[in-house]
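> Next comes the sequence, and after it the predicted model I'd like to discuss.
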Amino acid sequence: MIVFLEGVLEEKTPSRVVVNVGGVGYEVLISLSTYEDLPAVGERIRLCVYHSVREDDEVLYGFSTKEERAMFMLLIGVTSIGPTTALGILSGLPLVSLRAAIANEDVRRLSSIKGVGKKTAERIIVELKDKMPVAAGAEERAEKAPTEEERVMNDAVLALVALGYRNAEAYGVVKRVMNEAGGPILVEEVVRRSLVALQEG
C-alpha cells in the first residue's frame, strides 16, 4: 500500500494533483484544505496518502497532514460514507471546525456541507463524537482556530456550492474576489461579487 508520495508537483487543481515521482506521474485526489497548502507547480511536495484498492479500481487520496488523513479514515468508517463523500466533507469545513462541529453535536453546521444531509450529519456525530481529540487548553485552540479570512472564504464557497456551483469553480472565484478586495470583506459581499463574476463568465 502507498502511504505517502514525495516528488515534483506537475499539475494542481482544487480537487486533484499530479505528482512526478521518479518519472512516474501519480494522480491524487485532494481536499480544498490540502490544495491551499500546496506549493507552486514545479516545486517538490510530500503528501500523506490513503490508497483505496477495489476489484475494478485504484484511487489515491492525498493530504497535506497526517491529521487530515486520520480524519478522512474516520469518516470513511462511518456507515454509508465513502471516500468521495469524505473528501467533500473535508473540503466543506477546515479540520478544526469539522472536529468542533462533531464534538459539539452541531448538526446544522455539518449538514450545511454539500452532500451531507441531516441524517448523515447525525450519523457522523453518533459514530465519531467520542473519537474527537480534546484540545489541551485555550492557547492550543486559539493557535489552531481558522483565521477570519479562512472562515469568510470557507463560508462563501459553501454558499456557492449550495447554489449549485462546483466546488472547484466556487473556490476559484471566491479566492479571486477576496484577492481583488485587498482587505477585510463580509461573506455576503464575497458571495454577491462572486455571483456577478460567475454570471459574466
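Looks like it arrived, so ask away.
> Give the buried residues for the lengthiest strand in the chain.
Counting residues, the longest strand in the chain under DSSP state E turns out to be strand 44-54. Residues of strand 44-54 classed as buried: 45, 47, 48, 49, 50 (neighbour count, 16 or more other CB atoms under 10 Å). For every residue, glycine as well, the C-beta is placed using N, CA and C.
> is the first one in a bridge, and if so with what?
Translated: residue 45. Beta-bridge pairing for residue 45 (DSSP bridges): residue 7.
> please renumber so the chain begins at 11
Noted, 11 is the first residue going forward, which turns the last one into residue 55.
> So which other helices or strands are in contact with the helix or strand hosting residue 27?
Per DSSP states H and E, residue 27 falls inside strand 26-31. Applying 3 or more CB pairs under 8 Å, 6 or more residues apart in numbering; DSSP states H and E, one finds that strand 26-31 makes contact with strand 14-22, strand 34-39, strand 54-64.
> So, low pLDDT: which residues of this structure?
Scanning the chain for pLDDT under 70 picks out 143-156, 211.
> how is this structure carved up into domains?
Domain segmentation of the chain under automatic domain parsing yields 14-73, 76-152, 157-210.
> Pull the contacting residues for the residue nearest in space to the middle of the chain.
Closest to where the C-alpha atoms of the chain average out (CA atoms, centre = their mean) is residue 101, at 2.2 Å. Contacts here follow CB atoms under 8 Å, 6 or more residues apart in numbering; on that basis residue 101 touches 24, 41, 42, 43, 177.
> for residue 108, same thing?
Residue 108 neighbours (CB under 8 Å, 6+ apart): 81, 99, 100, 102, 120.
> Need those in JSON lines (columns: secondary structure).
Output for those, formatted as JSON lines (DSSP: H, G, I helix; E, B strand; the rest coil):
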{"residue": "81", "secondary structure": "helix"}
{"residue": "99", "secondary structure": "helix"}
{"residue": "100", "secondary structure": "helix"}
{"residue": "102", "secondary structure": "helix"}
{"residue": "120", "secondary structure": "helix"}
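> what would those look like in JSON lines with neighbour count?
Written out in JSON lines, the entries for those read as follows (neighbours: other CB atoms under 10 Å):
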{"residue": "81", "neighbour count": "25"}
{"residue": "99", "neighbour count": "24"}
{"residue": "100", "neighbour count": "24"}
{"residue": "102", "neighbour count": "24"}
{"residue": "120", "neighbour count": "23"}
